[in-house]
Every structure is written in structure tokens, then in C-alpha cells.
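Student: Can you look at this prediction? I've put the sequence above it.
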Amino acid sequence: MCGIVAYVGNKPCQQLLIEGLKRLEYRGYDSAGCAVIQDGALRVVKAVGRVSNLEDRLEAIGSFTGTIGMAHTRWATHGGVTDVNAHPHTDDKVGIALIHNGIIENYAALKTYLEEKGHVFKSQTDTEVLAMLIGELYEGDLEKAVQAALREVTGAYAICVICEKEPSTLVVARKGSPLIVGIGNGEYIVASDASAIVSHTTQAMTLADYNVVKITPQGFRTSTIHDVPVTPKIEQLELELQEIELGGYRHFMQKEIFEQPKSLRNCFRGRCDAKEGRVILGGLADHAKELNKVRRISLAAQGTALHAAMIGQYLFEDLAKIPARAEYASEFRYRNPIIEDGTAIIAVSQSGETADTLAGLHEAKERGAFALGVINVVGSSIARETDAGVYLRVGPEIGVASTKAFTGQVAVLTMIALYLGRRRFMSAEQCTELLTALDSVPEKIERILTQDAAIRAVTQKYCDRENWLFLGRGYNYPTALEGALKLKEISYIHAEGMPAAEMKHGPIALINEGMPAVFIANKGRQYEKVLSNIQEVRARGGHVIAVATECDEHIKRYAEDVLYIPDIPEPLSPMLAVVPLQLMAYHAAVIRGHDVDKPRNLAKSVTVE
Ligand code: F6R
């Protein structure tokens with residue numbers, strides 16, 4: 001969602017701030033702004049739309065040479081997409097500017113209090129309230145004013161604050177929203193995401209909740225909002241620059257689809273011992289006692305991660321014989337869930353910052369569940385709040401439409417299911433068989449990727465149609481949901497995913513002449529039944545595109561177009577079946593002329609409930 005980058009040091013910072021914002025563009029936003037202290041005075045520039053619009057405005061004014069500043073990309077929550085609502089927000093009486101990710105939940109009460117004190121608000125945002133509150137509490141020390149204001153605030157925040165009365169000081173703080181302080185040579189770069197820092201320094205401090213850092217070119221001081229000193233934790237950022245660059249691909253989504261063989265090899269490395277029929281998961285190793293007690297698993301996630309979690313539900317019941325239920329974390333949170341002794345909650349999330357998933361996790365933990373995370377971003381909020389977990393290790397996902405994280409999530413859930421299965425009833429032979437097949441997944445995805453041109457040609461035939469169906473059964477029912485989500489989020493085509501058998505209970509009414517219906521019809525327990533469902537669509541004039549198992553010639557009698565995937569045991573088939581669907585969605589969006597990496601209205605990491 002929103003992005004933060006800030007700088008204090010000895011260099012003019014305008015260019016660095018703009019470059020940082022460009023690195024954060026992938027997160028999704030609808031306006032941008034920056035503030036620099038120039039010759040002792042605060043200068044603020046904002047623009048609706050892309051970062052390039054902000055750049056144009058800055059160019060028109062002439063470059064700032066100030067060595068302290070901050071910039072922001074805003075994804076609107078409180079108040080429309082306007083220049084006035086864009087960050088930074090200011091308190092003009094004191095000369096304070098503030099940028100903010102998150103939501104100030106008690107902003108209405110604070111606003112009334114500040115209005116009574118004579119403050120006049122320009123915007124409709126919760127952030128301006130915080131800027132004014134800091135101004136109200138300012139008594140000549142910015143750090144103290146920020147601490148005092150944050151003691152009054154409920155909600156989530158990552159903030160950066162500068163003040164023209166203290167022109168070398170940047171104060172930053174966080175609770176619930178990520179913020180990292182990159183430490184350079186006499187300079188500091190603060191950002192909401194390591195990708196805006198890594199081209200300058202790889203040494204960084206990650207803030208814990210309620211931490212406040214006062215930074216000047218001479219050094220920094222870390223404390224809590226109650227001014228208790230905190231020993232900073234400085235770490236080496238793992239991120240490589242090439243991981244966040246396009247490297248010859250046209251879009252990050254395309255790059256990440258093609259990266260899947262590599263990302264899955266990283267995910268499996270050192271974790272699968274096919275010879276011995278065992279799975280080694282370091283993140284679970286110290287929790288044998290709790291894991292042995294698990295009698296029921298709840299999986300909580302949103303969007304693509306939920307589709308992976310739904311496959312996890314099949315895996316846990318099938319391979320580990322543990323009752324499992326996957327659901328929207330946002331619904332789980334508010335439906336008074338029953339957590340019995342022996343319940344484990346698994347939060348599945350690429351970013352580890354999704355507010356709905358985090359809230360679901362809190363609810364389950366409060367009710368006594370043992371909490372596991374299946375997360376990509378190391379050290380993220382969800383990763384920190386779980387008792388144990390397994391990282392995806394698929395590398396940073398920049399494309400807004402999640403692809404390699406999905407296959408990584410399914411891969412990790414498969415390994416956890418095998419791990420738990422082996423602790424219960426599964427024989428080493430059975431585990432060996434599945435681990436050997438799991439090991440073949442990257443190479444099999446490589447084979448699917450060689451069909452890219454053919455998949456594009458099939459997509460081209462149908463991508464002018466406004467309504468599509470995606471149908472699958474068993475393990476590939478969630479894959480069908482994922483295929484539909486991918487298509488709608490980047491090509492804006494209306495698509496429905498559902499269990500193939502459900503279609504005849506109502507949605508079949510939608511089928512008319514020429515409507516594309518994508519069936520996942522790989523060889524498996526329900527193959528014959530899927531063929532019957534295909535006939536029901538064909539009989540009503542629908543066009544069938546089948547994702548089928550290599551060498552299945554029979555399917556050609558049923559489907560107009562066939563995309564082949566290699567044979568694999570059914571529990572592992574979603575990792576292959578999803579790849580042609582990802583490519584179809586990608587090509588449909590490109591052919592229809594959309595900006596694949598900046599889909600309208602979407603944000604990469606959704607940090608509001
Ligand atoms: C879709 C997509 C979203 C995310 C969802 C959860 O392509 O990316 O549906 O999957 O917002 O995000 P994470 O996995 O970060 O919790």
C-alpha cells in the first residue's frame with residue numbers, strides 16, 4: 001500500500017527520494033508527495049497520480065538542494081485522491097511535516113480536541129490530525145513531541161517527521177506498519193520496504209512496535225514512545241539489487257512467473273530428504289511437543305494466499321489426516337471461532353503485513369491456538385507474532401499480482417503436511433514417493449513455461465470476451481479460484497472460479513455462445529466427472545480451454561483448446577496447473593493494453609482491515 005522513504009545526511013536528497021519512491025511504486029498508490037528542508041524552510045510538493053507527475057512538478061519548481069527530506073506514495077483510505085489529501089501533511093504553525101503509513105483509529109476524537117484548540121484542517125485524512133497533534137505538543141524538542149503524540153494514538157503507524165525548527169533532525173516511529181532505517185556513511189535512509197534502501201546500504205535497523213528513532217547526520221538514538229532507551233538491532237539486508245530489477249523482462253509479474261522453477265528450488269533446498277522419506281523444517285524443529293498435540297488446523301489468509309491455504313486444507317486432511325479448514329482471515333476474526341485444545345492456526349501471507357490476516361492471527365492466539373506462519377517476508381509482523389513457521393524463500397515478490405508466492409505457499413504447505421503426516425501414520429516409502437515428485441516440480445514448470453507462445457495464442461483468441469469461467473475439482477478447485485482472480489485483477493475481465501460440479505446448480509445460466517470456460521482437467525480421481533462437466537458447457541455454446549495432463553489425446557474431443565502440464569501425483573498438481581493460468585492472465589492484460597505491474601485500485605500489501 002503506501003510507501004515511505006526519508007533521508008538525512010550530507011547529500012542533496014531530492015533525487016534519492018524520487019528513486020526510492022520508484023522502487024516502491026509496485027506496492028500500489030494513487031498520489032505522491034515529498035518534503036525537503038531547504039535553506040531552513042519546509043518545502044512541500046504533492047501530485048495526484050504517478051511519481052512521474054511529482055517529478056514534473058519538482059522540475060517546474062527547480063531542484064531542492066536540502067539534505068534532509070522525505071517522500072511518500074499514498075493509497076487512499078481516509079479522503080479521496082487529491083493533492084490536498086496526499087502526504088506529507090503539515091502543521092504550519094510550528095513548521096512540521098509528516099508522512100504516515102497505517103491508520104489512526106481515534107483520529108475523529110483527536111481532531112475534535114485539536115479543533116477546539118483552534119487548529120484548522122485542510123485535508124480529510126487521519127494523518128493530518130497526527131501532524132497537528134505533534135505541532136500542538138511541540139515544546140522545542142521534536143523527538144519528545146512525537147513520543148507524546150504517539151502516546152495518545154490508537155491504530156497502526158509508520159511515520160517520519162521533520163521540523164524546520166530542527167533542520168538536521170528526522171524522527172521516525174512504528175507500530176504495526178513496517179519501517180527500516182538503512183545506515184550509511186554519515187547518512188541514513190529510512191523506508192517502509194528494503195527495496196528503497198538496498199542500492200545505498202545493506203546495513204539496517206528494523207524497528208519494533210512503539211520504537212521511536214531520532215536521527216541526525218551525526219548518529220541516532222532509539223527509544224520507546226515512553227522514552228525508555230532501546231538497544232538497536234542492526235542487521236545485514238539479504239536483498240540483492242538484481243532481485244528487485246526487471247533484468248530483461250517486460251514486467252515483474254512476467255519475471256516472477258518465469259522465476260518459479262528457481263524460487264521453488266530455493267524453497268525446497270535442504271528441506272526434503274527424499275531418500276530417507278523425511279522433511280526437515282528448521283522453523284518447526286523446536287516445537288515437537290506442540291505439533292504432536294495438533295488435532296485441528298485453521299488456515300487464515302486473504303486473496304491468493306487464501307487459495308494456497310485452501311489447497312493446504314486438502315493437503316492436511318489427505319496427507320496428515322488432520323481436520324483442516326481454510327477461510328478468509330477477515331471472516332474468521334469476527335465469527336466467534338471455536339478454538340479447542342490442540343488447534344493450530346496457520347497464517348499464510350506473502351507480505352506478512354496483511355492487516356486482516358494479522359487480526360485473524362491475534363484472535364486465534366487470544367483463544368489459545370498454537371500459531372504458525374507461512375510467510376515470505378522475513379521479520380514481517382505476522383512472522384514475528386507466530387510461535388513457529390516456515391518461510392517461503394522465494395525472494396521478493398514485486399508484481400502486484402501474486403504468482404511465485406502462490407506456488408511457494410503451496411510448496412511449503414505440502415512440506416508441512418508431509419512433515420506432520422510422517423509424525424503420525426505416513427510411511428517413509430509413501431513420503432519418499434511424494435518428495436521425489438515434489439523435487440520434479442521445478443523442472444516440470446520449466447516445461448510448461450516453454451509453451452508460453454502457445455498459451456499467448458490461445459489467450460489472444462478469447463481475450464476480448466468480458467466474462468470467463470474457471471472450473472476445477474478437488475485439489476484444483478482452489479486453483480480455478482486463483483486462475484479467475486489473476487485474470488480479473490490485471491485484465492479487468494469478469495471471471496468466476498468455482499468447483500466444476502457446482503456450475504449446474506446455478507452458474508450454468510451464465511453460459512452463452514462463445515463464453516470461455518477454463519477447465520482444469522488433469523488426470524486424477526475426478527477426471528471422468530470433469531469431462532461430463534465440460535460437455536455441459538459445450539452443449540450450451542461455451543468455448544472450453546482445458547488444462548490437461550501431457551499425452552491425454554482423448555481430451556481433444558471435448559475441448560477446443562488444450563494446454564498441457566506434465567503428469568504428477570494429484571496433491572502436487574496445483575503447482576503445475578496454476579502456471580498456464582498465470583500466463584493466460586498475464587497475456588490477456590498485456591494484449592488489452594493494461595499496465596500489468598500497476599493494476600488499478602490494487603495495492604501489494606494491504607495493511608488496513
Ligand atoms: C492477488 C494478491 C492478493 C494477496 C492478498 C494477501 O494477486 O496478491 O490477493 O494474495 O492481498 O496478501 P499477502 O499474501 O501479502 O497476505
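Tutor: Right, received. Where do you want to start?

Student: Thr216 against Ile162, yeah?
Tutor: No. With contacts defined as CB atoms under 8 Å, Thr216 does not count as touching Ile162, sitting 11.3 Å away. Any C-beta I mention is one placed from the backbone N, CA and C, and that applies to glycine too.

Student: Identify the contacts common to the two.
Tutor: Common contacts of Thr216 and Ile162 (CB atoms under 8 Å, 6 or more residues apart in numbering): Thr169, Leu170.

Student: neighbour-wise, which of those two wins?
Tutor: Using other CB atoms under 10 Å as the criterion, Thr216 and Ile162 rank with Ile162 on top: 29 against 16.

Student: confidence score at the closest residue to the ligand within the chain?
Tutor: Checking the chain residue by residue against the ligand with CB to the nearest ligand atom singles out Gly303 as nearest, at 1.9 Å. Note on Gly303: pLDDT of 97.

Student: Which elements pack onto the helix or strand hosting Ser52?
Tutor: In this structure, Ser52 is located in helix 51-61 according to DSSP states H and E. Helices and strands touching helix 51-61, as assessed by 3 or more CB pairs under 8 Å, 6 or more residues apart in numbering; DSSP states H and E, comprise helix 14-24, strand 31-38, strand 41-48.

Student: Tell me which of the ones you listed sits most buried.
Tutor: The highest mean neighbour count among those, using mean count of other CB atoms under 10 Å, belongs to strand 31-38: a mean of 27.

Student: What angle do helix 14-24 and it make with each other?
Tutor: For the pair strand 31-38 and helix 14-24, the angle between their directions (axes from the mean of the first three to the mean of the last three CA atoms, to 10 degrees) equals 160 degrees.

Student: Ala405 is in contact with Thr354, isn't it?
Tutor: No. Under the criterion of CB under 8 Å, Ala405 is not in contact with Thr354, lying 11.7 Å apart.

Student: Neighbour count: these two, which is higher?
Tutor: More neighbours surround Thr354 than the other of Ala405 and Thr354, with 29 against 26 (other CB under 10 Å).

Student: separation between the more buried one and His587?
Tutor: The spacing between Thr354 and His587, counted by CB to CB, to the nearest Å, is 28 Å.

Student: Check Val8 too.
Tutor: With distances defined as CB to CB, the gap from Val8 to His587 amounts to 45 Å.

Student: out of these two, which sits in the more crowded spot?
Tutor: Taking neighbours as other CB under 10 Å, Val8 and His587 compare with Val8 leading, 26 against 22.

Student: For the more buried one, what are phi and psi?
Tutor: The phi and psi values for Val8, taken as degrees, to the nearest 10, are phi -140, psi 130.

Student: if we look at the sheet, which residues does it bridge to?
Tutor: Per DSSP bridges, the residues bridged to Val8 are Ile68, Tyr188.

Student: Tabulate the CA atom coordinates of the one helix or strand Tyr314 maps to in PDB.
Tutor: Counting by DSSP H and E, the secondary-structure element that holds Tyr314 is helix 303-319. What follows is helix 303-319, C-alpha atoms only, in PDB (Å, rounded to 0.1, in the frame of the first residue of the first chain):
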ATOM      1  CA  GLY A 303      -6.800 -13.400  -1.700                       C
ATOM      2  CA  THR A 304      -4.200 -15.600  -3.500                       C
ATOM      3  CA  ALA A 305      -2.800 -16.700  -0.100                       C
ATOM      4  CA  LEU A 306      -6.200 -17.900   0.800                       C
ATOM      5  CA  HIS A 307      -6.300 -20.000  -2.400                       C
ATOM      6  CA  ALA A 308      -3.000 -21.600  -1.400                       C
ATOM      7  CA  ALA A 309      -4.400 -22.100   2.100                       C
ATOM      8  CA  MET A 310      -7.400 -23.900   0.600                       C
ATOM      9  CA  ILE A 311      -5.100 -26.300  -1.100                       C
ATOM     10  CA  GLY A 312      -3.400 -26.700   2.300                       C
ATOM     11  CA  GLN A 313      -6.700 -27.700   3.700                       C
ATOM     12  CA  TYR A 314      -6.900 -30.600   1.200                       C
ATOM     13  CA  LEU A 315      -3.200 -31.500   1.900                       C
ATOM     14  CA  PHE A 316      -3.600 -31.600   5.700                       C
ATOM     15  CA  GLU A 317      -6.700 -33.800   5.500                       C
ATOM     16  CA  ASP A 318      -5.300 -36.100   2.800                       C
ATOM     17  CA  LEU A 319      -1.600 -36.400   3.700                       C
END
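
Student: Near the ligand, which residues of the stretch 201-350 of the chain? Just list them.
Tutor: Counting by CB under 6 Å from any ligand atom, the positions of the stretch 201-350 of the chain adjacent to the ligand are Gln302, Gly303, Thr304, Ala305, Ser349, Gln350.

Student: would you turn the residues you listed into TSV with neighbour count?
Tutor: TSV is the format used below for these (neighbours: other CB atoms under 10 Å):
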residue	neighbour count
Gln302	20
Gly303	22
Thr304	23
Ala305	27
Ser349	34
Gln350	28
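
Student: Now for the closest residue in space to the residue of the chain closest to the ligand that isn't next to it in sequence, how many residues are close by?
Tutor: Counting by CB to CB, 6 or more residues apart in numbering, the nearest residue to Gly303 once its immediate chain neighbours are dropped is Leu485, at 6.8 Å. Other residues lying near Leu485 total 22 when counted by other CB under 10 Å.

Student: tell me the mean pLDDT for the strand or helix carrying Leu485?
Tutor: Assigned by DSSP H and E, Leu485 belongs to helix 476-491. pLDDT averaged over helix 476-491 equals 98, rounded to a whole number.

Student: which strands and helices sit next to the helix or strand just after it?
Tutor: The element immediately downstream of helix 476-491 (helix or strand, assigned by DSSP H and E) is strand 494-499. Contacting strand 494-499 under the criterion 3+ CB pairs under 8 Å, 6+ apart are the following elements: strand 467-472, helix 476-491.

Student: In strand 494-499, which residues are buried?
Tutor: Along strand 494-499, these residues count as buried under the neighbour rule (16 or more other CB atoms under 10 Å): Ala495, Glu496, Gly497, Met498, Pro499.

Student: What of stretch 433-442?
Tutor: Buried residues in stretch 433-442, counting neighbours by 16+ other CB under 10 Å, are found at Leu434, Leu435, Ala437, Leu438, Val441, Pro442.

Student: show me what contacts Leu510?
Tutor: Asn467, Leu469, Glu496.
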